[in-house]
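Q: below is the sequence, then the predicted model.
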Amino acid sequence: QVQLVESGGGSVQVGGSLRLSCAASGYTYSSYCMGWFRQAPGKEREGVAAIYTGGGSTAYADSVKGRFTISQDNAKNTLYLQMNSLRPEDTAMYYCAAGGSMWGFGYGGQGTQVTVSS
């Protein structure tokens, strides 16, 4: 079955950077689009970034454009999220996701916590 395992979260100060990783297994990596979404306490889930694994096309939420970069290593079945210029409002649990279309995620991982403090 589809397994997605995130890593790389942590606590950073405003303006800092983190790189999240997601190891995918249990399926053919290029058969699904992948992405990241986040959820903060009391807030709705928000799609952050998505990538078409077959061609590499990407999409971002307006709130992270220019600061976050989604990328992948198809040979390692691994998805990444490079997060720069972090802000307190980026604090959330970040989840790796896979699905049949961009932003159409049917599978998710356990999540990794990102905390940005001022």
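A: Everything's here; your move.
Q: C-alpha only now, for contacts and for neighbours.
A: OK.
Q: low-scoring stretches of this structure, by residue?
A: For the chain, applying pLDDT under 70 flags no range at all.
Q: tell me, what residue is most central in it?
A: Ranked by distance to the mean C-alpha position of the chain (Cα atoms, centre = their mean), the top residue is Trp36 at 2.7 Å.
Q: for that residue, which non-adjacent residue is spatially closest?
A: Cys96 (4.7 Å; Cα to Cα, 6 or more residues apart in numbering).
Q: ok, that neighbour - contacts?
A: Cys96 makes contact with Leu4, Val5, Glu6, Cys22, Met34, Gly35, Trp36, Phe37, Gly108, Gly109, Gly111, according to Cα atoms under 8 Å, 6 or more residues apart in numbering.
Q: in a markdown table, list these along with secondary structure and distance to Arg45.
A: Converted to a markdown table, these look like this (DSSP: H, G, I helix; E, B strand; the rest coil; distance: Cα to Cα, whole Å):
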| residue | secondary structure | distance to Arg45 |
| --- | --- | --- |
| Leu4 | strand | 18 |
| Val5 | strand | 19 |
| Glu6 | strand | 17 |
| Cys22 | strand | 18 |
| Met34 | strand | 16 |
| Gly35 | strand | 13 |
| Trp36 | strand | 11 |
| Phe37 | strand | 7 |
| Gly108 | strand | 12 |
| Gly109 | coil | 14 |
| Gly111 | coil | 12 |
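Q: and which of those is nearest Met83?
A: Minimum distance to Met83 across the contacts of Cys96 is 11.6 Å, recorded for Trp36 (Cα to Cα).
Q: next, the contact list for the closest one, please.
A: By Cα under 8 Å, 6+ apart, the contact list for Trp36 reads Gly47, Val48, Ala49, Ala50, Leu81, Tyr94, Tyr95, Cys96, Ala97.
Q: leaving out the residues flanking it, which one is nearest to the last one?
A: Taking Cα to Cα, 6+ apart, and ignoring the residues beside it in sequence, Ala97 has Gly108 as its nearest neighbour in space, at 4.3 Å.
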